[in-house]
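Enquirer: Here is the input, now give the coordinates:
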Amino acid sequence: MAGAGACRSSQPSASSSSSATKSVAPQRGGSLVASIRTEPGSFNRYVHRDSGAELISILTHAKLVRINKATQAVEPGLADSWTTSEDLRKVVLKLRPGVTFSDGQPFTADDVVFSFQAVYGLGHHGPLGASMEVEGKKLEVTAVDTSTVSIVFPVAYAPGARILDNLPIYPRHKLAAAFKAGALQESWGLSTPPSDLTGLGPFVVSQYVPGQRLVFERNPRYFRKAGDGTALPYLDRVTVEITPDPNTELLRLEAGQIDAMTIEVAPESYATVKRAADAGKVKLYDVGVGYNADALWFNLKPGAFAGDPRAAWLQRDELRKAISLTVDRKVFADTVFLGAAEPVYGPETPANKQWYWGRPTPHDPAAARQLLASIGLSDRNGDGTLEDASGRPARFTLLTQKGRANLERATSVIRDELKKIGIAVDVVALEGLALIDRFANTRQYEAVYFTASKTDTDPAVNLDFWSSHGGAHIWNFDQKTPATDWERRIDDLIVRQIATPDPAERKRLYDQIQEIFADHMPMVYFAAPRIFVASSARVINVTPALLRPQLLWAPETVAVVH
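Expert: Numbering: from 1, shown residues only. Reported below is the predicted structural model:
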């Protein structure tokens with residue numbers, strides 16, 4: 001694939017293939033240095049959704065089941081087996097025997113029940129509660145005995161245990177008192193001594209230096225074993241360096257001072273990393289087209305623009321369809337991702353082979369102008385800018401995140417492309433938390449271009465995105481009743497889709513959902529990037545995945561040559 005930057009192969013080179021990393025048998029011991037861009041908000045994943053808190057959770061906690069990020073298969077975790085009822089309403093899990101927390105306390109079904117109570121109890125103060133609901137209703141979780149857990153879904157739910165990958169299990173003996181006192185939201189903050197933290201993951205927190213690093217030591221009580229029956233993890237230590245500047249991060253990777261990046265290589269950094277890989281200094285992996293693409297959406301909450309003359313067109317389907325017709329996706333891919341991207345037209349990308357459905361939108365500015373004219377926008381005074389019936393210019397403000405080069409490039413392309421058909425776009429870049437507050441909390445915005453990642457490849461696990469009452473139904477959150485007829489139709493179809501055991505019928509229903517989405521286009525997608533990740537040359541036994549952290553999603557299996 002050739003773009004505005006270097007020519008890139010669609011296949012990993014021999015020096016960077018995942019099979020090459022496994023040609024050397026993993027050795028026990030040694031340490032690995034990883035990097036993150038921003039400091040974590042907390043040690044408590046139940047409260048914080050940032051990437052730092054997520055990485056801490058992956059390193060120090062465990063789940064009942066785990067989705068293999070490379071194959072998307074559901075694998076045993078703290079539960080070593082489970083059964084699903086014929087009506088798809090109930091899952092019964094058998095917990096692994098003899099598992100203990102890192103502090104030596106036994107893990108039981110009571111910890112599972114407590115973990116569900118905790119995330120549900122946090123409500124809107126926590127990011128995980130909605131992801132553990134089906135059709136906006138909580139799961140009924142019961143400890144049958146110390147090693148058996150019963151989970152009853154509010155409706156028939158085809159993915160079954162797959163949803164459990166969303167929830168790390170926390171220790172009841174450590175946090176029950178805080179939960180009872182209503183103080184769980186403040187628990188396990190960054191001032192908590194590492195000795196007070198405990199988990200079921202492969203590592204434990206041993207040191208935290210604010211603004212600099214976190215250090216994790218091997219958990220000798222970790223429950224997973226290697227294929228030969230020996231203990232995991234392989235590594236003795238993982239150090240996570242906080243490195244806000246991407247250029248510094250790349251220089252340290254090339255110099256061997258860090259071993260693994262926890263995010264993909266940025267398009268503008270690809271050529272530098274490729275040269276280092278060709279010189280044998282690093283390993284570069286081409287993982288493929290990503291599952292997620294950034295998107296543009298408007299505030300579609302009814303009444304959001306009451307009193308604003310632009311209300312007649314800002315929320316119209318025709319505007320969003322015109323934008324999709326206007327933006328040249330090849331220009332977009334070449335400019336934003338330096339050619340290393342594929343056009344996309346909806347929330348699923350070609351990477352999701354099981355569920356993808358696509359209806360390409362042509363690049364047709366003339367058709368876009370006709371759509372805009374149908375909602376009263378035309379160049380009435382010949383100045384090149386469209387006006388509405390009262391003579392006001394067609395103009396809106398597009399928010400994005402400051403400091404993320406791909407988002408800033410993308411919004412520049414959108415602004416320049418829309419200017420060609422007479423729509424003026426004012427791009428405003430905000431700090432990440434301020435941006436999220438605008439669209440998720442105050443909901444005071446016109447349009448946003450940002451990342452709206454789905455949490456799983458199975459649509460049924462993303463009900464909070466598809467359901468009109470969902471907390472991730474990003475263009476109009478938490479609707480009491482569907483605001484539009486098409487959203488009501490999607491609600492009905494997704495209920496049928498999650499309750500159907502037949503995979504072919506589930507696919508047919510999801511195709512219908514995606515077709516309705518394409519007809520109304522509440523979010524406009526342009527391109528999904530190819531994902532490239534890099535590590536130092538000494539890292540082995542990794543299986544790179546599309547989703548972050550691409551190299552550390554199964555940290556217990558990672559090893560280094562030493």
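
Enquirer: what about Leu418, which SS state?
Expert: When classified by DSSP: H, G, I helix; E, B strand; the rest coil, Leu418 comes out as helix.

Enquirer: out of everything not next to it in sequence, what's closest to it?
Expert: Val425 (5.4 Å; CB to CB, 6 or more residues apart in numbering). Any C-beta I mention is one placed from the backbone N, CA and C, and that applies to glycine too.

Enquirer: repeat for Thr451
Expert: In space, Thr451 is closest to Asp294, 5.2 Å off (CB to CB, 6+ apart).

Enquirer: Residues in contact with the helix or strand containing the residue nearest to Leu418: which ones?
Expert: In this structure, Val425 is located in strand 424-430 according to DSSP states H and E. With contact meaning CB atoms under 8 Å, 6 or more residues apart in numbering, strand 424-430 is reached by 385, 393-403, 407-408, 411-412, 414-415, 418-419, 438.

Enquirer: Among these, which are located in helices?
Expert: 407-408, 411-412, 414-415, 418-419 (DSSP state H).

Enquirer: List only those of these flagged as buried.
Expert: 407-408, 411, 414-415, 418 (16 or more other CB atoms under 10 Å).

Enquirer: picking up where we left off before, name the residues of the strand holding Val425 that come out as buried.
Expert: So for strand 424-430, counting by 16+ other CB under 10 Å, buried means 425, 427, 429-430.

Enquirer: what packs against the next helix or strand after it?
Expert: Using DSSP H and E, the helix or strand that follows strand 424-430 in sequence is helix 432-436. For helix 432-436, the elements it packs on are strand 395-401, judged by 3 or more CB pairs under 8 Å, 6 or more residues apart in numbering; DSSP states H and E.

Enquirer: returning to what we had before: return the closest of the buried residues of strand 424-430 with respect to Pro220.
Expert: Pro220 lies nearest to Leu430 out of the buried residues of strand 424-430, by CB to CB, at 44.8 Å.

Enquirer: how near is that closest one to Arg404?
Expert: 11 Å (CB to CB, to the nearest Å).

Enquirer: Name the nearest residue to Glu140, sequence neighbours excluded.
Expert: The shortest distance from Glu140 to any non-neighbouring residue, by CB to CB, 6+ apart, is to Val152 (4.0 Å).

Enquirer: The one you found touches Leu139, doesn't it?
Expert: Yes. Applying CB atoms under 8 Å as the test, Val152 and Leu139 come out as touching, 6.8 Å apart.

Enquirer: of those two, who's got more company?
Expert: Taking other CB atoms under 10 Å, Val152 and Leu139 do not tie; Leu139 has more neighbours (18 against 14).

Enquirer: Could you tell me the phi and psi values at that one?
Expert: phi -80, psi 150 (degrees, to the nearest 10).

Enquirer: same question, Glu133
Expert: phi -110, psi 160.

Enquirer: ok, now Ala559?
Expert: phi -140, psi 170.

Enquirer: Contact partners for the closest residue to it other than its chain neighbours?
Expert: Nearest residue to Ala559, sequence neighbours excluded (CB to CB, 6+ apart): Pro26, at 3.6 Å. Pro26 sits next to 226, 234, 540-541, 557, 559 when contact means CB under 8 Å, 6+ apart.

Enquirer: would JSON lines of the buried residues of strand 424-430 with distance to Ser378 and pLDDT be doable?
Expert: What follows is those, written out as JSON lines (distance: CB to CB, whole Å; pLDDT from 0 to 100):
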{"residue": "Val425", "distance to Ser378": "18", "pLDDT": "98"}
{"residue": "Val427", "distance to Ser378": "24", "pLDDT": "98"}
{"residue": "Ala429", "distance to Ser378": "31", "pLDDT": "97"}
{"residue": "Leu430", "distance to Ser378": "32", "pLDDT": "95"}
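
Enquirer: Between all of these, which two are separated the most?
Expert: Val425 and Leu430 (15.5 Å).

Enquirer: circling back: tell me the contacts of the residue nearest to Thr451?
Expert: 406-407, 410, 449-452, 525-526.

Enquirer: quick one on the thing from earlier: what pairs with the residue nearest to Glu140 across the strands?
Expert: Lys90, Glu140 (DSSP bridges).

Enquirer: Repeat that for Ser35.
Expert: Going by DSSP bridges, Ser35 forms beta bridges with Glu241, Met261.

Enquirer: Now do it: how many residues are near it, please.
Expert: Here the count is done by other CB under 10 Å, and Ser35 has 24 residues near it.

Enquirer: Let's check: the centremost residue of this structure is which one?
Expert: Ser453 (4.1 Å; CA atoms, centre = their mean).

Enquirer: pLDDT value on the closest residue to that residue other than its chain neighbours, please?
Expert: Nearest non-adjacent residue to Ser453, counting by CB to CB, 6+ apart: Asn292, 4.4 Å away. We note a pLDDT of 93 for Asn292 in this prediction.

Enquirer: wouldn't Asn292 be in contact with Thr349 here?
Expert: Yes. Using CB under 8 Å, Asn292 is in contact with Thr349, at 7.1 Å.

Enquirer: Identify the contacts common to those two.
Expert: With CB under 8 Å, 6+ apart as the test, Asn292 and Thr349 both reach Ala528.

Enquirer: so Leu164 sits in a helix?
Expert: Yes. Counting by three-state DSSP, Leu164 is part of a helix.
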